[in-house]
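Undergrad: the amino acid sequence is not available; the structure is as follows:
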């Protein structure tokens, strides 16, 4: 907890900078076909990030946390090379084939909108590779419990990105936003690189590498299925009138930024502790830390959503109420945030519960939960989008996250009983 306050400060700073970037973009250009194309173009890079990078973080931190310094340094270099190679192959393939599949993910766009999406996509795809490399580097920092050392570098990269966007947007238009994203993630990875220390050639035969792959494999199989909800959301949102995709993307971004703050300041610091208690089979301390943190995060996220209902629209009007962001757009954004509230509450709390499985090497349970929730969520999306349009889509997103949270609670209670029975046997 000693690092919680400075981590919260850095997380808040990063949120403010990221929010200002979105704010400057949306008030300067305004919700429309250009921003729709930008956010549609970033869909696939984001999909790669949540499938590969997010999974890597959950796997690498527990593994590296339990290694000695020398072994950890060698493993970090091995993971760095491996992740870089995999991402380079995937990104190269997607860039070559993009003209074939971009029309399929933007069926509601005009030909001009699809061509713009393709141009922006080619700029944004390399961001996935840089994010993957940064994930390995951040995991190395976290395994050393040097959370602040990792986070302040993200703050510097975000600030440089914001300054670049302020300068470039009036000159380059919507393309400046795509280049800003690439610049930010590249600077972030470069600033994190020194954590690797002295060079070590990759050791593919290391047992820890095999353990990482064994843990990662079920996650990849599951996330390759249930994380495609991003793709489904963008596909459906492309069918609404111009600007609708941008507004629902902005609503998701606002919640994701808030979730990042909660994750970095309150969730990430407990990962090494949970891993060590799990390795020692100290289940009383393990569940005390995990369940106490989960309860606190649930109450906090619920409180934030209630504040949004009461004061959200006036605040949004003050922040966005000028430039090319119209009053009708503000009301729609506020309403989408309310309807999507379950997404923020469910994801923040479920992330904490998932650590109770990841930290002990159990990647199967979170994967099954995600897959079941996604299967039900897809049906909800199609039905509610058909009935209520973009508002129905927002409701379905929140409902799926809350359902996943319920499954995590039930699974955790079952696992807790098994652990205590085994300990007392």
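TA: Cool, got the structure. Note that the structure is predicted; figures quoted are calculated from it, not measured. Numbers count the residues shown, from 1 in each chain.

Undergrad: spatially central, which residue of this protein would that be?
TA: Centroid-nearest residue in the chain, with Cα atoms, centre = their mean: residue 50, separated by 5.9 Å.

Undergrad: was I right to think it contacts residue 224?
TA: No: using Cβ atoms under 8 Å, residue 50 is not in contact with residue 224, being 10.4 Å away. Quick note: C-beta positions are derived from backbone N, CA and C, even for glycine.

Undergrad: got the residue ranges for the helices in the stretch 251-400 of the chain?
TA: 271-279, 283-320, 327-339, 341-358, 364-388, 390-424 (DSSP state H, counting those that start in this stretch).

Undergrad: okay if I get the ones you listed as a markdown table plus mean neighbour count?
TA: Shown next, in a markdown table, are the helices of the stretch 251-400 of the chain (neighbours: other Cβ atoms under 10 Å):
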| stretch | mean neighbour count |
| --- | --- |
| helix 271-279 | 20 |
| helix 283-320 | 16 |
| helix 327-339 | 19 |
| helix 341-358 | 24 |
| helix 364-388 | 18 |
| helix 390-424 | 18 |
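
Undergrad: tell me which of these lies nearest to residue 97.
TA: helix 364-388 (24.5 Å; Cβ to Cβ).

Undergrad: so how far is the closest one from its chain's centroid?
TA: The chain centre lies 18 Å from the centre of helix 364-388; the measure is Cα atoms, centre = their mean, to the nearest Å.

Undergrad: any idea of the mean pLDDT for that helix?
TA: Across helix 364-388, pLDDT averages out at 91.

Undergrad: swap in stretch 393-401?
TA: Mean predicted lDDT for stretch 393-401 stands at 95.

Undergrad: now tell me what touches it from outside.
TA: 229, 233, 236-237, 248, 251-252, 336, 339-347, 350, 373-374, 376-377, 380-381, 383-385, 388 (Cβ atoms under 8 Å, 6 or more residues apart in numbering).

Undergrad: and what of stretch 301-318?
TA: Against stretch 301-318 from outside (Cβ under 8 Å, 6+ apart): 258, 262, 327, 330-331, 333-334, 337-338, 341, 344-345, 348-349.

Undergrad: so how far is residue 366 from the closest residue to residue 293 other than its chain neighbours?
TA: Setting aside the residues directly before and after it, residue 293 is nearest to residue 352 in space (Cβ to Cβ, 6 or more residues apart in numbering), at 5.4 Å. Taking Cβ to Cβ, to the nearest Å as the measure, residue 352 falls 12 Å from residue 366.

Undergrad: hmm, residue 122 and residue 45 touching each other?
TA: No: taking contacts as Cβ under 8 Å, residue 45 lies outside contact range of residue 122: 10.8 Å.

Undergrad: now do the same contact list for residue 81.
TA: Counting by Cβ under 8 Å, 6+ apart, residue 81 has contacts residue 202.

Undergrad: list the buried residues for whatever helix or strand it lives in?
TA: Per DSSP states H and E, residue 81 falls inside helix 69-105. By neighbour count on 16 or more other Cβ atoms under 10 Å, the buried set for helix 69-105 is 72-84, 87, 90-91, 94, 98, 102, 105.

Undergrad: which one's more surrounded, residue 45 and residue 122?
TA: Under the neighbour definition other Cβ atoms under 10 Å, residue 45 and residue 122 were set side by side, and residue 45 has more, 23 against 14.
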